[in-house]
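**Student:** Sequence below, structure please.
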Amino acid sequence: MELHFQLILAFLLFSECFVETKKIRGVSMSYRRLYRERKSFLCMDGSRLIPFSQVNDDYCDCADGSDEPGTAACHNGRFYCMNLGFRPHYIPSSRVNDGICDCCDGSDEFASRIQCSNKCRMLGQKERQELEERMKAVNEGLHLKKQLIEEGALIWQEKQTQLSQLQKVAEDLRIKVEDYRKRKLRAEAEKDHLEKAIKPDHNSVGDQSQWLGVVPHDSRSKVDKDKSSVIRGKEQEEKTEIQQGQNDPVRTPPHENPDKLPPVIRAAQGAVDSAVAELQKVEEAYDTVQMEIRELKEKLAIDYGPEREFVFLLSRCVQMAVSEYTYTLCPFSQVTQKNNVGSEVMLGKWDGWLGPLDSPYRQMKYDEGEACWQGPKRSTVVSLVCGTETDLRSVKEPSKCLYTMELQTPAACSLNTQRRSIHNEL
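**Tutor:** Okay, the predicted model is just below:
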């Protein structure tokens, strides 16, 4: 008797729940309080009050479709998939009982001719496994990032040391340049003096000694005096030339036949040529070092992240082949595209970080690439994502001359990445 009473009670409770479920089908838990069975129902937009019996009666009474959450009567209605064990979500009411299983629990096909199996638990397990793997990758990426930060600190110190050494070399070369300029000026002054002092007269036998490289005693005295005054004048000129940074090549008066020059003149010209060659060699070395200093300073001025975690990318270029093109990204430098024939196109040069204020290091901008045919200059936006390897994951051209890339690297991993992954899954 007692057992019979319990069965009847369970049946009544089940019947009540069934009726209630039928009335509130397609409604999320947060909105169920608005669908408690009572005499009337107020449309959610407040536009109309209807009898509760008209809720889910397969006829659209409310303009916002809120009276038919569990049927396809309203074109703008939404059906809520409970999906226990997986992620709940909404689908358009037009998909209710359309013969296709949209909800993993099959609740959208309650009056359909097909039967939908409940796949929510299986999907939930698969998603949790993927989340675990993703979290494992993030944790591994964070560990690798610490190593990259340490590596970046060493690279940064090496660059600073390299800069100091280059500056010291540049200063030594600058002193050498000044010294060699003085040597050149002295050689030119001596040659000029000799050319003025020696004026050969083919009709004079005595003067022929000058062509043979022999200067008479009286002439030597005059030459020495004139030479001293000329050198003093040249030394005064050299100060002005050094200050002005003049390093014009030496121009000597042309001779019809250099072999006919007096020996002393040939020797003086040889000294000038040697001084010019030495000066040019030192100046070229000085200019090269100055260029290296400028390039190194530009690299050191770049923002490599709060902990300089992206410094290691300076020495790396990553590639990805897409169709007949090979794309190359050299972080903090440039992006290029090469076809299978070997023709290369510049897609942009480093322009800075492009990420939002809360995470500025999530995107890079490469601008001022080669111009497209009858279009703008090419540019590339590189999105950085967390990963255990440093390589390109995708390359696209969403619009003409604008390219997008996805670069995965441990340097992009952060605790915020970890939180975002958990939040997205939840």
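
**Student:** Quick one: mean pLDDT for stretch 273-293?
**Tutor:** The average pLDDT within stretch 273-293 is 94.

**Student:** What is the lengthiest helix in the chain packed up against?
**Tutor:** When the chain is parsed with DSSP state H, its longest helix is helix 120-197. Packing partners of helix 120-197 (3 or more Cβ pairs under 8 Å, 6 or more residues apart in numbering; DSSP states H and E): helix 217-244, helix 263-300, strand 379-386, helix 415-425. All C-beta spots, glycine's among them, are computed from the backbone N, C-alpha and C.

**Student:** pLDDT of it, averaged?
**Tutor:** pLDDT averaged over helix 120-197 gives 91.

**Student:** now that helix, how far from the chain's geometric center?
**Tutor:** 17 Å (Cα atoms, centre = their mean, to the nearest Å).

**Student:** same check, this time on stretch 261-273
**Tutor:** 58 Å.

**Student:** For the remainder of this discussion, apply numbering that starts at 10.
**Tutor:** Will do, 10 is the new start, and the previous item becomes stretch 270-282.

**Student:** and it, which residues are buried?
**Tutor:** 270-271, 273-274, 277-278, 280-281 (16 or more other Cβ atoms under 10 Å).

**Student:** next one: stretch 178-194
**Tutor:** So for stretch 178-194, counting by 16+ other Cβ under 10 Å, buried means 178-179, 182, 185-186, 189-194.

**Student:** so how far is residue 293 from the spatially most central residue of the chain?
**Tutor:** Centroid-nearest residue in the chain: residue 373, 3.8 Å away (criterion: Cα atoms, centre = their mean). For residue 373, the distance to residue 293 equals 36 Å [Cβ to Cβ, to the nearest Å].

**Student:** Contact partners for residue 392?
**Tutor:** 371-372, 413-416 (Cβ atoms under 8 Å, 6 or more residues apart in numbering).

**Student:** now do residue 274
**Tutor:** By Cβ under 8 Å, 6+ apart, the neighbours of residue 274 are 200, 203-204, 207.

**Student:** For ChimeraX, write the selection for the buried entries among the contacts of residue 392.
**Tutor:** Only the buried entries of these go into this ChimeraX selection, using 16+ other Cβ under 10 Å:
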select :371,372,414,415,416
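
**Student:** Pick the one among the contacts of residue 392 closest to residue 287.
**Tutor:** residue 416 (48.8 Å; Cβ to Cβ).

**Student:** what about that closest one, which SS state?
**Tutor:** With DSSP: H, G, I helix; E, B strand; the rest coil as the basis, residue 416 sits in strand.

**Student:** Give the bridge partners for it, please.
**Tutor:** residue 393, residue 401 (DSSP bridges).

**Student:** element containing residue 404?
**Tutor:** strand 400-408 (DSSP states H and E).

**Student:** which residues touch that strand?
**Tutor:** The contact list for strand 400-408 (Cβ under 8 Å, 6+ apart) reads 327-329, 331, 336, 338, 394, 396, 412-417.

**Student:** Now tabulate those in JSON lines and tack on distance to residue 155 and pLDDT.
**Tutor:** Output for the contacts of strand 400-408, formatted as JSON lines (distance: Cβ to Cβ, whole Å; pLDDT from 0 to 100):
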{"residue": "327", "distance to residue 155": "22", "pLDDT": "96"}
{"residue": "328", "distance to residue 155": "27", "pLDDT": "95"}
{"residue": "329", "distance to residue 155": "27", "pLDDT": "95"}
{"residue": "331", "distance to residue 155": "33", "pLDDT": "92"}
{"residue": "336", "distance to residue 155": "30", "pLDDT": "96"}
{"residue": "338", "distance to residue 155": "24", "pLDDT": "97"}
{"residue": "394", "distance to residue 155": "18", "pLDDT": "93"}
{"residue": "396", "distance to residue 155": "15", "pLDDT": "90"}
{"residue": "412", "distance to residue 155": "32", "pLDDT": "96"}
{"residue": "413", "distance to residue 155": "29", "pLDDT": "96"}
{"residue": "414", "distance to residue 155": "26", "pLDDT": "97"}
{"residue": "415", "distance to residue 155": "23", "pLDDT": "96"}
{"residue": "416", "distance to residue 155": "20", "pLDDT": "96"}
{"residue": "417", "distance to residue 155": "17", "pLDDT": "95"}
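
**Student:** ChimeraX command to pick out the buried ones of those residues?
**Tutor:** To isolate the buried subset of the contacts of strand 400-408 in ChimeraX, counting by 16+ other Cβ under 10 Å, use the following:
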select :327,329,336,338,396,412,414,415,416,417
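
**Student:** is it true that residue 388 touches residue 376?
**Tutor:** Yes: if you go by Cβ atoms under 8 Å, residue 388 and residue 376 touch, sitting 4.8 Å apart.

**Student:** and for these two, which residues touch both?
**Tutor:** The overlap between the contact sets of residue 388 and residue 376 (Cβ under 8 Å, 6+ apart) consists of residue 357.

**Student:** That concludes my questions; thank you for your assistance.
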